[in-house]
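Undergrad: generate a structure from the sequence data that follows.
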Amino acid sequence: MVAINVLAGRFSLGDWKNFWEISGGGTDVIVAQDVNQRAVAAFSVRALGTTIIINRTGQVVYRDGIATPYQTLRAEVDKAL
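TA: Here you go, the predicted model:
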């Protein structure tokens, strides 16, 4: 799993990692930043907290517009594998 900070101008990668950890995110998650807003554009992200899960063939298999609990994320990723 990759958690992408789309507010790179406001939060450093360290801030994002800390936020992710204190908000109950799993430790098996890679944290990254979308400095150029490419992921935002590619996946038409319109709200903070958007969750998108892409399977191995590149198909979006899960999408929501909220901050998804880690347990839900883990279950949806497991289904996509």
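Undergrad: so the residue in the chain sticking out farthest from the centre: helix, strand or coil?
TA: Each residue of the chain has a distance to the centre, and by Cα atoms, centre = their mean the biggest one is for Thr57: 18.3 Å. For Thr57, the secondary structure call by DSSP: H, G, I helix; E, B strand; the rest coil comes out as coil.
Undergrad: tell me which residues are up against the helix or strand bottoming out on mean pLDDT in the chain.
TA: Of all helical and strand segments in the chain, the minimum by mean pLDDT, DSSP states H and E falls on helix 13-22, at a mean of 78. Counting contacts by Cβ atoms under 8 Å, 6 or more residues apart in numbering, the residues outside helix 13-22 that touch it are 3, 5, 11, 27, 29, 31-33. Using the backbone N, CA and C atoms, a C-beta is placed for each residue, glycine as well.
Undergrad: kindly report the same for stretch 34-47.
TA: 4-6, 8, 50, 52, 60, 65-66.
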